[in-house]
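Engineer: give the three-dimensional model of this entry:
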Amino acid sequence: MKYALVTGASRGIGKAIAIELARELKYNILLNFNSNLKAAMATKALVEAEKVHCELLQFDVADAKSSENRIVEFQKNNPDAEIEVIVNNAGITRDGLFMWMKPEDWHSVINTSLNGFYNVTQPLLTAMLKKRYGRIINIVSLSGVKGNAGQVNYSAAKGALVAATKALAQEIGKRKVTVNAVAPGFVNSEMTANFDEKELKKLIPLNRFGEAEEVANLVSFLASKKASYITGEVININGGLYS
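Structural biologist: Have a look, this model is predicted:
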């Protein structure tokens, strides 16, 4: 059975990606979430409505041991499962001016977005390389390519993930495993719920926030065989705000 693993997939962009990969590419879904079981169960039902299997994997991507244990446990219990797609979507924000930023707000954001990429991807990479096929897609951010005041920690984490995307793509391209990043701008989700949309959309040429499903459509393309000659790229999806 072929699977796509999506981290942070119980809500928002991750949820939309999981559903789209099931609908469009018919992947069975490994749905990672950290704490919100109710939301994860609701997303699982929507994924399985697309006539594929969805398995919940509860772990904090920032916790290396927990991440590895859950992944290894799944592989042990499902020896016929092939994880062809990894979408590193899990991320958190702890916004505030850098001069007043607490150490825990710095480290928690770095640990989730950047270390989470390592903790999830590295244990799965050998199997992809042996099979000579795979898709690794990292969800970064406008903050990671442009920088954003009040988000030095988030910009640092996502900017580092952009660099990691480009470097890993060069390492493993010969094995036909692609690595790309998707950088959303302002997208309607819980993460942007407190943003002043009326003011911010004035800065956006398309004059609106994006929808999670629009990001999911791009991720689905990159996860497909149609994107076989695209690797090491960072694709902005921000309504023209920045390129």
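
Engineer: pretty sure residue 5 belongs to a strand, no?
Structural biologist: Yes: per DSSP: H, G, I helix; E, B strand; the rest coil, residue 5 lies within a strand segment.

Engineer: apart from its neighbours in sequence, what residue is nearest it?
Structural biologist: Spatially, and ignoring its direct neighbours in sequence, residue 5 is nearest to residue 30 (4.1 Å; CB to CB, 6 or more residues apart in numbering). Every residue, glycine included, has its C-beta placed from N, CA and C.

Engineer: what's the burial count for the one you found?
Structural biologist: The number of residues packed near residue 30 is 26, by other CB atoms under 10 Å.

Engineer: which elements pack onto the helix or strand containing it?
Structural biologist: Residue 30 is located in strand 28-33, with elements delineated by DSSP states H and E. Taking 3 or more CB pairs under 8 Å, 6 or more residues apart in numbering; DSSP states H and E as the contact definition, the neighbouring helices and strands of strand 28-33 are strand 2-6, helix 12-25, helix 37-48, strand 54-58.

Engineer: list the helices and strands the next helix or strand after the last one packs on?
Structural biologist: Going back to what we said before, that points to strand 54-58. Following the chain from strand 54-58 toward its C-terminal end, the next helix or strand by DSSP H and E is helix 64-77. Counting contacts by 3+ CB pairs under 8 Å, 6+ apart, helix 64-77 is packed against strand 54-58, helix 116-131.

Engineer: nearest to residue 25, of those?
Structural biologist: Nearest to residue 25 among the helices and strands packed on helix 64-77 is strand 54-58 (13.8 Å), distances taken as CB to CB.

Engineer: quick check: the most centrally placed residue in the chain vs residue 62, distance?
Structural biologist: For the chain, the residue lying nearest the average C-alpha position, counting by CA atoms, centre = their mean, turns out to be residue 89 (1.9 Å). As judged by CB to CB, to the nearest Å, residue 89 and residue 62 stand 14 Å apart.

Engineer: and for residue 168?
Structural biologist: Distance of residue 168 to residue 62, given as CB to CB: 19 Å.

Engineer: what of residue 151?
Structural biologist: Counting by CB to CB, the gap from residue 151 to residue 62 is 18 Å.

Engineer: part of a strand, is residue 180?
Structural biologist: Yes: going by three-state DSSP, the assignment for residue 180 places it inside a strand.
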